[in-house]
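Asker: Here is the input, now give the coordinates:
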Amino acid sequence: MIPHSYATDTQTKSIELASTVAAAVSPAQIASACAAVDSYLRKHSPDQQRWFFSITFPALICRIFGFDDSLPPSAATKRHPSNGWIDVSASANDSELAGRIFNLLSPNGLLLSSISGVDRLSLVKYVFPNERLPEWVRYMLQNEQDCYVLSDLCPLFKNRIKEDFVKGSPYQVQLNVFEYYLFWFVYYPVCRGNSEGSETVKVQQTKKFRLENWSYSIPGLSSIKREIEKKTEGNLYLRLLYAYLHSFVPSQDLYVHQPYRSSLLHYSPGYDGSSIERAEFVINTMIHFWLVDNDFSPLSPGLCKATGVTFPFKSVLGETPPTSGLGDVINVFIKYLNLSSLEATNGPSQSEYVKSPGWKVSGSFDVAKPRDAVLGMQSIGSWNLLIQRPLFRFILRTFLFCPVESSIKNASQAFSVWINYLEPWSISFEEFADLNETLGLPTGSSSTHVTKSSAPGYGSSWQGFVLDNYLFYSSLVMHFVGFAHKFLHTDAEMIVQMVSKVIHILTSSAELMDLIKNVDTVFHLKSAESSKSKLAALSRYVPTIRQQLQDWEYGLCESDADGSFLHENWNKDLRLFADGEDGGQQLLQLFLLRAESELQSISGVNLSLNLQHLDSLKSQLSQLFGGPITKSSPETPQSRNHHQSRDEIFKPRSFNNQIGAEVKYKAGFVPSQDEIAWLAPFLVKLSGQLNEKLGLSRVDCNQGGGGWSYVEVQGDVYGAKGTLKVVLCCLVSLVGWVVECGLLLMRRFGLRVNLRVLASKRIALLLFLVVAFYVLKKAFI
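Answerer: Reported below is the predicted structural model:
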C-alpha cells in the first residue's frame with residue numbers, strides 16, 4: 001500500500017506538472033514540458049502513476065492536439081486547433097521540437113510504455129465525450145435499445161458502453177488509457193477537417209480557373225513524384241500514424257500472430273490474442289472516425305436486417321459529404337494495410353486466398369459466427385475485409401455529394417485514395433524506407449515471402465484481390481464518370497487526366513483487363529448459361545459481387561445528387577461494359593466529345609498537348625472496349641430522342657447559347673444547406689412555368705425581331721385629355737417594346753427566369769426583418 005503522504009506528494013506533483021503542460025505554448029516551453037513529463041514517468045512506476053493519468057494526462061492531450069475544454073464542442077470544432085504542440089512544431093518548422101514530441105509519443109517511448117503498465121493494473125478509466133464521437137454513434141447513444149445494438153454489432157464499442165448514473169446522458173463510452181489516447185489521436189484530423197470545411201471559400205466557375213492543388217494531391221498527375229512522400233516524412237502526425245500502425249497492426253508479421261490461420265479450432269499455446277484484439281481496435285477506430293463517421297448506413301444492411309435493426313439516419317445525415325482534409329492520413333492508412341495484402345499475395349497460402357470465395361462477408365462481421373471464425377477469415381484476406389465497404393462508400397459519397405460551387409479538394413484526395421487502392425501491386429516495403437529510417441526502423445522488408453526483385457505490376461497472384469474488390473474496378477468507375485461529367489466545365493484539362501489515370505490502370509495489363517471483362521460477362525449471363533460457359537470458374541464470385549453491389553451502394557445513387565444523369569436503383573447492375581445509352585462506352589464517348597469542345601474553347605498554349613492527352617485517352621478506351629470508341633451506331637427515332645435529352649444535360653458551358661428545347665426539373669430536387677427546403681423546389685417549378693408561358697423554354701435561332709411597335713393617332717388631338725391619352729399609350733407601347741426586346745434577347749442567348757435565388761435563407765431573413773420592422777412601426781407610431 002502506498003503511504004498517504006507519498007500519495008499526496010504524487011498528487012501535488014501531478015497538479016504542478018499539469019500546470020506546466022497547460023502553460024507550454026512556445027517551442028522552448030514545449031520542449032521543457034516534454035522533458036518534465038519524461039522525468040516524472042522515469043521516477044514513478046506504473047502503480048504510482050494514478051494521479052498523473054488522472055490529472056496531468058488529460059491536460060497533456062489538450063496541449064498536444066490543441067483542444068480547448070473551455071469551449072463548447074460546436075465552437076471547438078469551428079476553431080482551428082492551431083495552438084497544439086503538433087501545429088506549433090509544424091508552423092515553426094522546428095525539426096528538433098518535432099523530434100522531442102515524437103519521442104514523447106513514440107510507441108516505444110516512456111509514455112506509451114507507462115500507459116501499457118497502467119492498463120494492465122486497470123488503475124484509470126476515462127469517459128470519451130459523446131459529442132466527439134462519429135455522428136452515427138452519437139445518435140445511437142441517445143436510445144437505450146440502440147446502445148445494446150451498438151455494443152453487439154460494432155466491435156469497436158463492445159463492452160465499452162456503460163450507463164452513466166452521475167450525469168444527465170444515459171450512456172457513455174468508457175475507455176482505458178490507451179484506448180482513450182487513440183480516440184483523441186484519431187479525432188485530431190477530423191477536428192481539423194471540420195474547421196477547414198466550415199471555412200471553405202467557394203470558387204468561381206470560370207474558364208481560366210485551374211485547380212493547381214490537384215496536381216500535388218493526385219498520384220501520377222504531378223511532375224514532382226516525391227511531393228507526397230516528402231510531405232509524409234516531414235509531417236509529425238503522419239510519422240506518428242505510421243509508427244502506431246507499424247507497432248500495433250501486424251502486416252509483415254501477420255502470419256506470426258496467427259500461426260494456425262487455416263484451422264478455426266486450434267491455436268498454439270503461445271498464441272497472443274491481445275495483439276490481434278489491439279490491432280482490430282486500432283483499425284476499427286480509424287475506420288469509424290475517418291471513413292464511416294457521418295454515413296447514414298454505417299453497417300451492412302444485410303446484417304441489420306438479420307438482427308432486426310434499422311438506422312433512420314438518412315433523414316438526419318442526408319447527402320452530407322465525408323469530412324474534408326482526411327486524404328493524407330487515409331492514404332498512409334490504406335497504403336500500410338495494403339502491405340498485408342502484398343504479404344498475403346506473396347505468402348505460401350496465396351492459393352487459399354485466391355481460390356476460396358466462401359469466406360467473403362461483405363466487409364462486416366457475421367453475428368452468427370464465433371469470434372475465432374471471424375479472426376480466421378480475416379487472416380486469409382488480411383485487413384482488407386474490414387475496410388472494403390467503409391472505403392468504397394467513403395469514396396462514392398465524396399464523388400456524389402461534392403458540391404459544384406465549392407472547393408473540391410476533398411474529391412481530389414478521395415481520388416488519390418482510390419487510385420492507391422486500385423494498385424496494391426505498385427506498393428512495396430521500400431516505399432516506406434525513408435519513414436522507417438526516420439523512425440529508426442529497418443529500411444527493407446524482413447519478410448522472407450516478399451521478393452524485392454519482382455517487377456511491380458499486376459500478375460495472376462493478384463486475381464483474388466481484384467475479385468474481392470471488383471466493384472472498385474467496375475461500378476465505382478461508372479460513378480466517377482458521372483463525377484467527371486459534372487465537373488468537366490471546372491477544369492477540363494485536369495478532369496481528362498484523372499479519367500486517363502483510371503483507364504490507364506484498367507488497361508495496364510491485358511490479364512487484368514480480361515479478368516474485369518470476363519467477370520462482367522459472367523455477371524450478366526443466366527445461371528444455366530454461366531455453368532456451361534468456359535468462364536464457369538468465375539461464376540461462383542457473382543453472388544458475392546451482387547451482394548456487395550446492393551450492400552456497398554445502399555442508398556447511394558446519382559438520382560439523389562445534384563447534376564444527376566444515371567438511373568434510379570443504380571446498385572442493381574454493372575454498366576461499365578453495357579451497350580445501352582447509360583453504358584460505360586456511350587457515356588465515355590460523350591465525355592470525349594464534351595472534353596474536346598471544352599479544351600478547344602479554352603484554346604491556350606497547351607491546346608496541342610491537351611489534345612494529345614485526349615487522343616491517348618481515346619486509344620486506351622478503344623483498347624478497353626475492343627474497338628473504336630467514337631464509332632457511330634444506327635439510331636432509331638427513340639434512341640435519337642434519348643441522345644438529344646442526354647446531350648442537353650451535359651451541354652458544355654461554352655455552348656450556353658445553344659441550349660436544348662426543353663428544360664426538365666427533377667422531382668427529387670434537393671436544396672442546398674443555404675436554401676429553405678420547402679421554398680426552393682416551389683420556386684424552381686414556378687420558374688419552369690414562367691419560362692413556358694414566356695416562351696423561354698424553346699429556342700428558335702432563326703427567329704427575327706418583330707416589327708417596331710408604334711401608336712397610330714386617328715384624327716386630331718384636342719385638349720389635355722386627348723394629349724394625356726396619347727402619352728399613356730406611348731408609355732404602354734414603350735414598356736411592351738422593352739419587354740419584347742428583353743424576351744427576344746433571352747431566347748437568343750438561352751437565358752431563363754430563375755427564382756431559386758429567392759429561396760436563400762439570407763434573402764428570406766432580410767425580407768422577414770423588413771416586414772417585421774414595417775409592422776412594428778405601424779403598431780407603435
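Asker: E277 and I419: what is the separation?
Answerer: Computed as C-beta to C-beta, to the nearest Å, the E277 to I419 distance reads 32 Å. (C-beta placed from N, C-alpha, C; glycine too.)
Asker: Between these two, which has more neighbouring residues?
Answerer: Each of E277 and I419 has its neighbours counted (other C-beta atoms under 10 Å); I419 has more, 20 against 13.
Asker: Doesn't S733 belong to a strand?
Answerer: No. Secondary structure of S733 (DSSP: H, G, I helix; E, B strand; the rest coil): helix, not part of a strand.
Asker: Could you tell me how many residues sit around it?
Answerer: As a burial measure, S733 scores 14 neighbours (other C-beta under 10 Å).
Asker: Can you list the neighbours in contact with stretch 96-112?
Answerer: With C-beta atoms under 8 Å, 6 or more residues apart in numbering as the test, stretch 96-112 has contacts from 27, 30-31, 34-35, 37-38, 41-42, 64, 85-86, 88-90, 178, 236, 239-240, 243-244, 246-248.
Asker: what's the span of that stretch, first residue to last?
Answerer: Start to finish, the residues bounding stretch 96-112 are 21 Å apart (C-alpha to C-alpha, to the nearest Å).
Asker: The helix or strand hosting P681: which residues count as buried?
Answerer: Using DSSP states H and E, P681 maps to helix 679-693. Across helix 679-693, burial judged by 16 or more other C-beta atoms under 10 Å covers L679, A680, P681, L683, V684, S687, G688, N691.
Asker: now swap in stretch 547-558 and tell me
Answerer: Residues of stretch 547-558 classed as buried: Q548, L549, Q550, D551, W552, E553, Y554, L556, C557, E558 (neighbour count, 16+ other C-beta under 10 Å).
Asker: Repeat that for stretch 90-109.
Answerer: By neighbour count on 16+ other C-beta under 10 Å, the buried set for stretch 90-109 is 90, 94, 97-102, 104-107, 109.
Asker: What is the nearest of those to N159?
Answerer: N159 lies nearest to P107 out of these, by C-beta to C-beta, at 24.1 Å.
Asker: and the closest one, how far is that from V127?
Answerer: Counting by C-beta to C-beta - P107 and V127 are separated by 24 Å.
Asker: ok, now D328?
Answerer: Distance, D328 to V127, by C-beta to C-beta: 30 Å.
Asker: Can you pick out the residue with more neighbours from these two?
Answerer: Ranked by neighbour count (other C-beta under 10 Å), D328 and V127 place D328 first, with 20 against 15.
Asker: The more buried one touches Q413, doesn't it?
Answerer: Yes. D328 is within contact range of Q413, at 7.4 Å (criterion: C-beta atoms under 8 Å).
Asker: what's the neighbour count on L133?
Answerer: 21.
Asker: excluding its backbone neighbours, what's nearest it?
Answerer: V173 (6.7 Å; C-beta to C-beta, 6 or more residues apart in numbering).
Asker: Near that neighbour, how many other residues are there?
Answerer: Residues near V173, counting by other C-beta under 10 Å, number 23.
Asker: Could you do the one 10 residues further on as well?
Answerer: Burial measure for F183: 21 neighbouring residues, criterion other C-beta under 10 Å.
Asker: ok, back up a step: make sure I have this right: the residue nearest to L133 is in a strand.
Answerer: Yes. Judged by three-state DSSP, V173 forms part of a strand.
Asker: do you know how far it is from L506?
Answerer: Using C-beta to C-beta, V173 is found at 43 Å from L506.
Asker: on that earlier part again, and which of the buried residues of helix 679-693 is nearest P58?
Answerer: Nearest to P58 out of the buried residues of helix 679-693 is A680 (C-beta to C-beta; 45.1 Å).
Asker: Tell me who's in contact with the spatially closest residue to A595 that is not a sequence neighbour.
Answerer: If the residues on either side of it in the chain are set aside, A595 comes closest to V496, at 5.2 Å by C-beta to C-beta, 6+ apart. Applying C-beta under 8 Å, 6+ apart to V496 gives the contacts A595, L599, N610, H613, L614, L617.
Asker: which of those residues sit farthest apart?
Answerer: The largest separation in those, counting by C-beta to C-beta, is between L599 and L617 at 11.4 Å.
Asker: So the closest residue in space to N338 that isn't next to it in sequence versus V37, what's the distance?
Answerer: With sequence-adjacent residues excluded and distances taken as C-beta to C-beta, 6+ apart, N338 is closest to P424, at 4.2 Å. Per C-beta to C-beta, P424 is found 39 Å from V37.
Asker: can you pull out the helices in the stretch 501-650 of the chain?
Answerer: All helices of the stretch 501-650 of the chain, identified by DSSP state H, counting those that start in this stretch, fall at 510-524, 527-532, 542-552, 584-602, 607-625, 637-649.
Asker: TSV please, covering these and showing mean pLDDT.
Answerer: Formatted as TSV, the helices of the stretch 501-650 of the chain follow (pLDDT from 0 to 100):
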stretch	mean pLDDT
helix 510-524	93
helix 527-532	63
helix 542-552	91
helix 584-602	89
helix 607-625	89
helix 637-649	47
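Asker: Of those helices, which is nearest D295?
Answerer: Taking C-beta to C-beta, helix 542-552 is the member of these nearest to D295, at 11.1 Å.
Asker: for the closest one, packing partners?
Answerer: Packing partners of helix 542-552 (3 or more C-beta pairs under 8 Å, 6 or more residues apart in numbering; DSSP states H and E): helix 301-307, helix 384-400, helix 470-473, helix 510-524.
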